[in-house]
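A.B. asks: coordinates only, no sequence provided:
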């Protein structure tokens, strides 16, 4: 008799762990949530930085290749200025969020796990 691959039992390891009815419970849920939010904020900040560098380099290349054309020069200057303003807004948003958290009584507003633990009864 031929035994096919689908007829064999395979050990797939430990069961899936996570948050919810089949998970390990909610004891470490705030820290998992905090890690997710922190990761998202970090990735978005990194993307903003990379986009800033792209705008700065492409604006510089456009500036050098403008050849004295005032329209191209204005476009390059506008692109570089937009990149600087965008990066300043991203950095200012992080600082303003921290200041706002201090004002409303959540000194670690960018650490949601700490805020959730302090809100729990």
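C.D. replies: Received, thanks. On a predicted model such as this, the values are computed, not experimentally measured, just so you know.
A.B. asks: tell me how far residue 67 lies from residue 56.
C.D. replies: From residue 67 across to residue 56, the span is 20 Å (C-beta to C-beta, to the nearest Å). Heads up, the C-betas are built off the backbone N, CA and C, glycines and all.
A.B. asks: correction: the previous question concerned residue 47.
C.D. replies: Counting by C-beta to C-beta, the gap from residue 47 to residue 56 is 15 Å.
A.B. asks: okay, these two: which has more neighbours?
C.D. replies: Legend: neighbour count by other C-beta atoms under 10 Å for residue 47 and residue 56, higher for residue 56 (15 against 11).
A.B. asks: what's near enough to touch the more buried one?
C.D. replies: Counting by C-beta atoms under 8 Å, 6 or more residues apart in numbering, residue 56 makes contact with 80, 83-84.
A.B. asks: for residue 60, same thing?
C.D. replies: Per C-beta under 8 Å, 6+ apart, neighbours of residue 60: 76, 80.
A.B. asks: tell me the helix or strand right after the helix or strand containing it.
C.D. replies: According to DSSP states H and E, residue 60 maps onto helix 29-64. Later in the chain than helix 29-64, the nearest helix or strand by DSSP H and E is helix 70-104.
A.B. asks: quick one: distance of that next one to the chain centre.
C.D. replies: Helix 70-104 has its C-alpha centroid displaced from the chain centroid by 17 Å (C-alpha atoms, centre = their mean, to the nearest Å).
A.B. asks: my read: residue 84 touches residue 52, true?
C.D. replies: Yes: look at residue 84 against residue 52 with C-beta atoms under 8 Å: they come within range, at 7.4 Å.
A.B. asks: coming back round to it: mean confidence for the helix holding residue 60?
C.D. replies: When pLDDT is averaged along helix 29-64, the result is 87.
A.B. asks: now do stretch 77-86
C.D. replies: 93.
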